[in-house]
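[1] Fold the following, please.
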Amino acid sequence: MGLQLVFIGTIALCLVVSSAVLERFEQALKQDGSLSFLVIGDWGRKGAYNQSKVAFQMGVIGQQLDIDFVISTGDNFYDSGLTGIDDPDFDTASSLQKQWYSVLGNHDYRGNVEAQLSPVLTNLDKRWLCLRSFICLFTFFVSEVAEFFFVDTTPFVDKYFIEPKDHVYDWSGILPRKQYISNLLKDVDLALQQSNAKWKIVVGHHTIRSAGVHGNTDELVKQLLPILEANNIDLYINGHDHCLQHISSFDSAIQFLTCGGGSKAWRGVVNWWKPEEMKFYYDGQGVMSVKVTETEIDIVFYDVYGHVLHKWNTSKQLHASW
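    Just a heads-up that it's a prediction; the model follows:
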């Protein structure tokens with residue numbers, strides 16, 4: 001896989017439970033009622049562009065925080081995804097020492113998508129899970145503490161369909177596109193409505209709010225964002241822009257967190273953003289950690305040297321059950 005991570009601790013695997021629409025996985029929190037994970041995106045460059053340095057810090061931070069899993073926000077394999085299930089870029093030697101939950105990025109769609117989604121890869125290393133869209137629920141006894149909604153965002157973006165130019169995208173399983181997007185939006189909306197989790201976290205590859213070179217993804221702003229706002233999600237986590245970024249929202253409680261600094265960065269483009277909403281922007285490589293309990297979320301951004309760049313915390317009251 002390229003990222004050489006070394007963690008100490010028990011590997012926690014998800015258990016599949018029934019779901020009428022999106023495939024759902026369930027896992028219990030630690031005995032202290034906490035959940036910790038790292039987020040990395042746009043990283044699949046075989047160690048180049050400081051990827052190895054980011055991976056080293058992930059190992060250090062992951063061990064310190066006793067993380068439960070890693071989230072990849074996509075572009076897992078540059079430049080053009082995997083060629084097949086036997087692609088040597090999928091190196092399981094020592095790179096997956098914790099459970100990984102991954103979504104597809106636009107670069108992954110330039111390769112053999114079905115290969116990257118194949119259960120064959122999960123059989124090679126059970127800690128690798130990559131699906132188009134899925135749900136992970138984390139519980140503490142009978143309390144549903146955090147629910148993660150992983151959303152396949154690449155098919156939303158018009159330019160990949162009307163301006164392919166030098167790139168060919170693998171749209172198997174997507175066409176007819178309008179029906180795919182319509183069904184996905186309905187599924188996500190229904191799943192969010194039915195969620196009883198204290199914290200609702202949505203993960204996708206593409207930006208919704210961003211001051212980076214790609215900026216806002218208009219298709220997601222128009223189609224997905226209204227659903228997220230209506231269902232009162234807490235965090236939207238993405239990659240795509242090769243930076244680290246935290247933008248808050250005036251219109252809702254949503255925090256927009258970009259973690260696309262897994263390898264190539266330093267693009268030198270920062271677009272103006274309302275200073276009241278722009279909590280943090282770093283035009284470089286790094287990783288983000290998140291710790292969740294029933295009452296709090298703590299977020300920390302780190303650079304390739306492990307230096308803390310930005311911290312943010314929010315809390316909710318714990319309501320007693322009668």
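
[2] Can you name the element that comes right after the helix or strand where residue 147 lies?
    Assigned by DSSP states H and E, residue 147 belongs to strand 143-150. Under the assignment DSSP H and E, the closest C-terminal helix or strand after strand 143-150 is helix 159-162.

[3] what does that following helix rub up against?
    With CB atoms under 8 Å, 6 or more residues apart in numbering as the test, helix 159-162 has contacts from 106, 109, 154, 167, 169, 177. Heads up, the C-betas are built off the backbone N, CA and C, glycines and all.

[4] Surely the fifth one touches residue 109?
    Yes. Using CB atoms under 8 Å, residue 169 and residue 109 qualify as a contacting pair, with a distance of 4.7 Å.

[5] These two - which one has more neighbours?
    Between residue 169 and residue 109, residue 109 has the larger neighbour count (other CB atoms under 10 Å), namely 26 against 20.

[6] what kind of secondary structure is that one in?
    Under DSSP: H, G, I helix; E, B strand; the rest coil, residue 109 falls in the helix class.

[7] and the longest helix that the chain contains with strand 143-150, angle?
    For the chain, the longest helix by residue count, based on DSSP state H, is helix 177-194. On the basis of axes from the mean of the first three to the mean of the last three CA atoms, to 10 degrees, helix 177-194 is oriented at 170 degrees to strand 143-150.

[8] and helix 177-194, what other elements does it pack with?
    Judged by 3 or more CB pairs under 8 Å, 6 or more residues apart in numbering; DSSP states H and E, the packing partners of helix 177-194 are strand 143-150, helix 225-230.

[9] closest one to residue 288 among those?
    Among these, the nearest to residue 288 by CB to CB is strand 143-150 (14.4 Å).

[10] so what's residue 12 scoring on pLDDT?
    For residue 12, the pLDDT comes out at 40.

[11] Can you work out which residues contact both of residue 169 and residue 109?
    Common contact partners of residue 169 and residue 109 (CB under 8 Å, 6+ apart): 154, 160.

[12] got the contact list for the residue nearest the centre of the chain?
    By CA atoms, centre = their mean, the mean C-alpha position of the chain lies nearest to residue 73, the distance being 3.5 Å. Under the criterion of CB under 8 Å, 6+ apart, the neighbours of residue 73 are 39-42, 103, 105, 203-205, 237-240, 259-260.

[13] ok, now residue 239?
    Residue 239 sits next to 41, 42, 72, 73, 74, 75, 105, 205, 258, 259, 260, 262 when contact means CB under 8 Å, 6+ apart.

[14] Check residue 289 too.
    36, 37, 38, 39, 61, 65, 67, 299, 300, 302.

[15] Just checking: what are the partner strands of the helix or strand harbouring it?
    Counting by DSSP H and E, the element that carries residue 289 is strand 287-292. Counting by DSSP bridges, the strands paired with strand 287-292 are strand 35-40 (antiparallel), strand 296-302 (antiparallel).

[16] Could you provide those strands in CSV, with additional columns for distance to residue 143?
    CSV is the format used below for the strands paired with strand 287-292 (distance: least, CB to CB, whole Å):
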stretch, distance to residue 143
strand 35-40, 12
strand 296-302, 14
